[in-house]
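Chemist: The sequence and its predicted three-dimensional model are supplied below.
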Amino acid sequence: MTFTPAIQWYPGHIAKAERQLKEQLKNVDVVFEVLDARIPLSSQHPQVKEWINTKPRLLLLNRMDMIPSDLYTPWQKWFESQGERVYFTNAKAGKGVKEIIKAAKQFGEGVNERRRDRGMMPRPVRAVVIGLPNVGKSALINRLVGKKAVKSARRAGVTRQLQWVRLSDDIELLDAPGVIPWRLENQGDAVRLAICEDIGEASYDNHRVAAALVDLLQELDFSEVLSSRYGLEVGANTGEEYLYTLAHQRYQGDLERVAVLFLNDFRKGVLGAIPLEFPPYVD
């Protein structure tokens with residue numbers, strides 16, 4: 001997917017957070033990397049594996065409610081074929097939280113067994129919650145803790161500093177600001193991040209991203225949701241043409257209003273459970 005001008009976003013607070021996160025990783029026992037279930041591949045940070053080295057990592061596909069349930073198993077199989085452990089979560093509803101707590105405790109048992117072997121006292125397992133902006137890290141932590149322990153909102157860049165949160169006597173969690181590569185080489189990924197609001201809105205134009213979403217829905221055979229929602233078929237129109245026609249038929253030619261409405265309908269799930277990526281293959 002091509003997109004001009006290129007989408008790039010790397011504000012100063014993210015550069016600072018990345019430096020602090022790298023320093024804290026040496027104190028962490030297990031890494032929970034939160035991904036957006038609508039775009040599990042595009043929402044992975046390419047350098048996380050390098051940062052954590054041999055530390056155990058669990059992938060948490062958040063917003064599981066925003067994709068069809070028949071995709072859970074194919075994604076699970078694909079990630080497992082890549083040597084990854086995957087859990088599905090819905091931070092807002094608290095789904096999948098118990099499984100994560102159980103997994104963290106299991107890691108803690110291993111950590112403390114090794115400490116006892118060295119004559120050291122047991123301590124809580126230290127986990128870090130890491131991921132791109134706005135994929136639901138803070139909302140997930142609040143669910144794990146059972147109260148609003150950290151700031152959470154449906155926009156990128158709310159968490160600005162690292163914060164340790166005590167989950168229980170057994171688990172401590174590090175909430176880190178969203179981190180993103182300093183340069184997004186794959187603009188197809190960048191567009192999907194913008195569509196899903198997993199990147200700062202200052203990096204893109206709503207009209208162009210909304211048009212890209214129309215094109216993507218056509219490509220993935222989801223264009224019928226548009227005619228159902230807006231009473232206008234896509235047909236042979238490009239995304240740009242579709243938005244232009246819809247704006248002039250319904251909203252006095254206000255393209256920005258249509259673009260924002262369309263993107264919000266997708267982001268809030270009004271258009272239904274729509275994935276923008278599928279597993280590359282399933283054995």
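Modeler: Looks like it came in fine.

Chemist: any idea which element T245 lies in?
Modeler: Here T245 sits within helix 239-250, counting by DSSP states H and E.

Chemist: what is the mean pLDDT for that helix?
Modeler: For helix 239-250, mean pLDDT is 95.

Chemist: same check, this time on stretch 23-32
Modeler: Averaging the model's pLDDT scores along stretch 23-32 yields 89.

Chemist: what separates that stretch from the chain centre, distance-wise?
Modeler: Between the centre of stretch 23-32 and the centre of its chain there are 20 Å (C-alpha atoms, centre = their mean, to the nearest Å).

Chemist: Only alpha carbons, please: show it as CSV.
Modeler: Taking Å, rounded to 0.1, in the frame of the first residue of the first chain, the C-alpha atoms of stretch 23-32 are listed here in CSV:
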residue,chain,number,x,y,z
GLU,A,23,17.4,0.6,31.0
GLN,A,24,14.5,-1.0,33.0
LEU,A,25,14.4,-4.1,30.9
LYS,A,26,17.3,-5.6,32.8
ASN,A,27,15.1,-5.6,35.9
VAL,A,28,12.2,-7.4,34.2
ASP,A,29,11.5,-11.1,34.3
VAL,A,30,8.9,-11.4,31.6
VAL,A,31,7.6,-9.2,28.8
PHE,A,32,4.0,-8.8,27.8
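
Chemist: shaky segments in the stretch 51-200 of the chain?
Modeler: Per-residue confidence for the stretch 51-200 of the chain (pLDDT under 70) gives these ranges: 147-161.

Chemist: let's see 80
Modeler: Per-residue confidence of the stretch 51-200 of the chain (counting by pLDDT under 80) places the weak regions at 145-163, 176-178, 181-183.

Chemist: Just the buried residues of stretch 67-79, please?
Modeler: Residues of stretch 67-79 classed as buried by neighbour count (16 or more other C-beta atoms under 10 Å): 67, 71, 75-76, 78-79. Just so you know, the C-beta spots here come from the backbone N, C-alpha and C atoms, and that holds for glycine as well.

Chemist: Sorry, slip of the keys, the one I care about is stretch 85-101.
Modeler: Buried residues in stretch 85-101, counting neighbours by 16+ other C-beta under 10 Å, are found at 86-92, 96-97, 100-101.

Chemist: Mind jotting down where the strands sit in the stretch 101-250 of the chain?
Modeler: Using DSSP state E, counting those that start in this stretch, the strands of the stretch 101-250 of the chain run over residues 125-131, 163-166, 171-175.

Chemist: ok, the shortest one: who's next to it in the sheet?
Modeler: Read that as strand 163-166. Here strand 163-166 is paired, per DSSP bridges, with strand 171-175 (antiparallel).

Chemist: So which of the buried residues of stretch 85-101 sit within helices?
Modeler: With helices defined by DSSP state H, the entries of these inside them are 97, 100-101.

Chemist: between those residues, which is nearest L184?
Modeler: When those are compared for distance to L184 (C-beta to C-beta), I100 comes out closest, at 28.5 Å.

Chemist: how much space between that closest one and P46?
Modeler: Using C-beta to C-beta, to the nearest Å, one gets 24 Å for the distance from I100 to P46.

Chemist: circling back: now do the helix holding T245: distance to the chain's middle.
Modeler: In this view, helix 239-250 has its centroid 29 Å away from the chain centroid, taken as C-alpha atoms, centre = their mean.

Chemist: list the buried ones in it?
Modeler: Using 16+ other C-beta under 10 Å as the burial criterion, the residues of helix 239-250 that qualify are 239-240, 242-247.

Chemist: now the helices for this structure?
Modeler: Taking DSSP H as the criterion, the chain carries its helices at 12-24, 48-52, 72-81, 97-117, 137-145, 187-195, 206-219, 224-230, 239-250, 255-267.

Chemist: helices or strands up against the fifth one?
Modeler: I take that to be helix 137-145. Contacts of helix 137-145 with other secondary structure elements, assessed using 3 or more C-beta pairs under 8 Å, 6 or more residues apart in numbering; DSSP states H and E, are made with helix 97-117, strand 125-131, strand 171-175.
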